[in-house]
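In: pasting a predicted model and its sequence here:
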Amino acid sequence: MTYASLPRLQQWQIVSTLGVLGSSLAGLVACTDSATAPPRPITTAPAPNQPDRDLSADRLDPCRGVALPADQHYVAPGLCASAVAFDQEGLRQISFASNGDLLAVKTDGSVLRFRDLNGDGMFDGANEIATIGNTGGNGNNAHLDEASGFLYAGSLDGVVRWPYSEQASVLGAPEDVVINQPSSGTHTYHTVHVYDGWLYVHSGSENNLVAPAAPDYDRDRSLLKRFELSQFRSGAPLDWASGEVVALGLRNMVGYTRDAQGALFGVVNGIDDLEYQGDDVHLDNPGEVLLRIDAGQAYGYPFCFTAQRIQSASGVVPPGTQLATAFAGFDNPHDDAWCAQNSAAPLSFLPAHSAPLDIIFHSRVAGAPLGLPEEWLGGAFVTQHGSWNTEPSVGHAVVYFPFGSNQPAMPETTQTPPAFPYTVVLSGGDATAPVDGEWGWHSGDSGEDQVRPVGIAVSPVDGALYISSDSGGVLYRVGVPL
């Protein structure tokens with residue numbers, strides 16, 4: 001019997017075993033050709049039983065737009081998925097203004113405003129998709145602080161802002177708010193949010209694994225800082241070094257947000273090509289963490305990682321355990337015992353290398369319709385951009401984490417296949433089941449070769465979920481049909 005003729009479950013068991021035997025065997029699996037590589041199945045939570053229960057009756061139909069073919073995608077039962085804008089390559093994170101305008105940023109720094117002028121549920125042409133500003137490059141997100149009337153966005157040198165008006169067709173030149181923030185290397189984006197008069201800014205690590213000069217956490221990168229906006233004076237930008245450190249050890253947290261109670265949460269992309277105690281464990285590690293961001297905490301990078309599937313000399317390591325990083329050329333000054341004391345554990349995590357890039361909470365908004373399952377209220381949606389460091393790729397999906405008593409739970413990743421405590425909202429597959437990994441779709445002249453979710457937001461107009469993909473620049477909408 002050949003490997004290719006084995007049942008998928010047995011193929012997965014073989015891959016999982018190889019992942020913990022050692023660097024030479026794991027490296028052999030990692031080089032498998034993508035056309036014949038075994039699937040890496042996962043188990044996830046079920047979707048709501050009655051997604052349309054108690055939903056708003058007077059909302060707009062979320063199924064408007066270009067319907068995704070039923071045999072080319074999976075959407076949670078009772079929901080529909082459609083594409084509502086095309087050809088916006090490099091489209092990153094998105095957010096809504098209270099009037100229903102959707103604001104977005106491209107990687108080249110273009111700031112876009114999507115406005116459905118004719119009410120057809122699509123965004124077409126320069127009148128409905130307008131470029132209203134530019135950060136000068138390094139674009140990832142924009143945050144509209146409606147209380148102060150300013151739109152903030154990350155730039156090459158830090159953070160910029162514009163006075164914002166929904167009547168303005170062009171915002172003009174931005175002013176610098178924060179300067180001298182590093183943006184070299186591979187993790188360049190400066191994700192910004194404004195909460196309670198404070199400007200929060202994330203800075204990712206320069207590269208995959210960068211050791212600080214001292215055996216302590218880096219205080220310039222791989223962290224979240226904040227700046228008190230009352231101290232800002234126009235024409236006198238704040239220096240990055242003056243920011244107050246909120247949390248350390250965050251390798252690449254381009255997605256973070258607050259819940260309805262004001263607590264901060266984020267999702268982090270973990271280390272690639274990871275080793276542990278002399279073994280190559282990167283196929284199944286580290287877990288891509290979902291964190292509650294508490295002021296003064298440290299979250300491991302680069303010294304520690306979150307175990308997803310580790311078999312050590314003393315036995316199976318519980319998922320979520322903080323362990324000491326090993327990586328070629330990295331002399332880690334700390335061990336597992338240090339990590340247990342100095343690296344805060346996550347609430348939960350997503351599959352290794354699935355690349356979570358954004359997170360939002362689903363909550364009731366006064367005057368806004370409810371267009372998603374009521375039982376999802378209070379939980380969080382997370383986008384998975386998809387991996388390059390596993391073969392075949394994983395992720396490429398939007399998932400939902402419940403929050404509540406003992407939730408979200410820690411995944412059960414020592415079993416085969418591993419089980420994750422989230423519901424798949426949108427992914428590859430078909431109407432019968434989701435399929436983890438790369439996917440695309442085509443319908444007539446419309447489509448996207450590879451869907452790579454980045455940004456996510458809930459509309460105050462129709463209550464539906466909007467999702468950006470930066471690969472082909474498509475904007476998607478998911479909701480419960482009328």
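Out: Structure's in. What do you need?
In: how long is stretch 331-338 end to end?
Out: This stretch, stretch 331-338, spans 15 Å end to end (CA to CA, to the nearest Å).
In: now swap in stretch 368-381 and tell me
Out: End to end - CA to CA - stretch 368-381 spans 18 Å.
In: avg pLDDT for that stretch?
Out: Mean pLDDT, stretch 368-381: 96.
In: go on, stretch 276-288?
Out: Over the span of stretch 276-288, the pLDDT mean works out to 95.
In: buried stuff in it?
Out: 276, 279-288 (16 or more other CB atoms under 10 Å). All C-beta atoms are positioned from the backbone trio N, CA, C, and that covers glycine.
In: and the two most separated of those residues?
Out: Asp279 and Glu288 (19.9 Å; CB to CB).
In: what residue is smack in the middle of this structure?
Out: In the chain, the residue lying closest to the centroid (CA atoms, centre = their mean) is Leu357, at 2.0 Å.
In: what sits up against stretch 58-72?
Out: With contacts defined as CB atoms under 8 Å, 6 or more residues apart in numbering, stretch 58-72 is touched by 75, 80-84, 120-122, 369-371, 430-431, 439-443, 446, 461-464, 476-482.
In: mind giving me the ChimeraX select for these, buried ones only?
Out: Buried residues among the contacts of stretch 58-72 (16+ other CB under 10 Å), as a ChimeraX selection:
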select :75,80,81,82,83,84,121,122,369,370,371,439,440,441,461,462,463,464,476,477,478,479,480
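In: want to throw the buried residues of stretch 276-288 into a markdown table with distance to Arg226 and secondary structure?
Out: A markdown table is the format used below for those (distance: CB to CB, whole Å; DSSP: H, G, I helix; E, B strand; the rest coil):
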| residue | distance to Arg226 | secondary structure |
| --- | --- | --- |
| Tyr276 | 34 | strand |
| Asp279 | 39 | strand |
| Asp280 | 38 | strand |
| Val281 | 35 | coil |
| His282 | 33 | helix |
| Leu283 | 37 | helix |
| Asp284 | 35 | helix |
| Asn285 | 31 | coil |
| Pro286 | 26 | coil |
| Gly287 | 27 | coil |
| Glu288 | 24 | strand |
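In: okay if I get those as JSON lines plus distance to Asp116?
Out: Formatted as JSON lines, the buried residues of stretch 276-288 follow (distance: CB to CB, whole Å):
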{"residue": "Tyr276", "distance to Asp116": "50"}
{"residue": "Asp279", "distance to Asp116": "53"}
{"residue": "Asp280", "distance to Asp116": "49"}
{"residue": "Val281", "distance to Asp116": "47"}
{"residue": "His282", "distance to Asp116": "44"}
{"residue": "Leu283", "distance to Asp116": "44"}
{"residue": "Asp284", "distance to Asp116": "43"}
{"residue": "Asn285", "distance to Asp116": "43"}
{"residue": "Pro286", "distance to Asp116": "41"}
{"residue": "Gly287", "distance to Asp116": "39"}
{"residue": "Glu288", "distance to Asp116": "34"}
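In: next, count neighbours for Ser242.
Out: Using other CB atoms under 10 Å, Ser242 has 11 other residues around it.
In: same question for Gly266.
Out: Gly266 sits with 24 neighbouring residues when counted by other CB under 10 Å.
In: is it correct that it is in contact with Ile293?
Out: Yes. Between Gly266 and Ile293 a contact is recorded at 5.4 Å, counting by CB atoms under 8 Å.
In: who touches both of the two?
Out: With CB under 8 Å, 6+ apart, Gly266 and Ile293 have common neighbours 224, 256.
In: ok, Trp441 - contacts?
Out: Taking CB under 8 Å, 6+ apart, we find Trp441 in contact with 68-69, 72-73, 447-448, 451.
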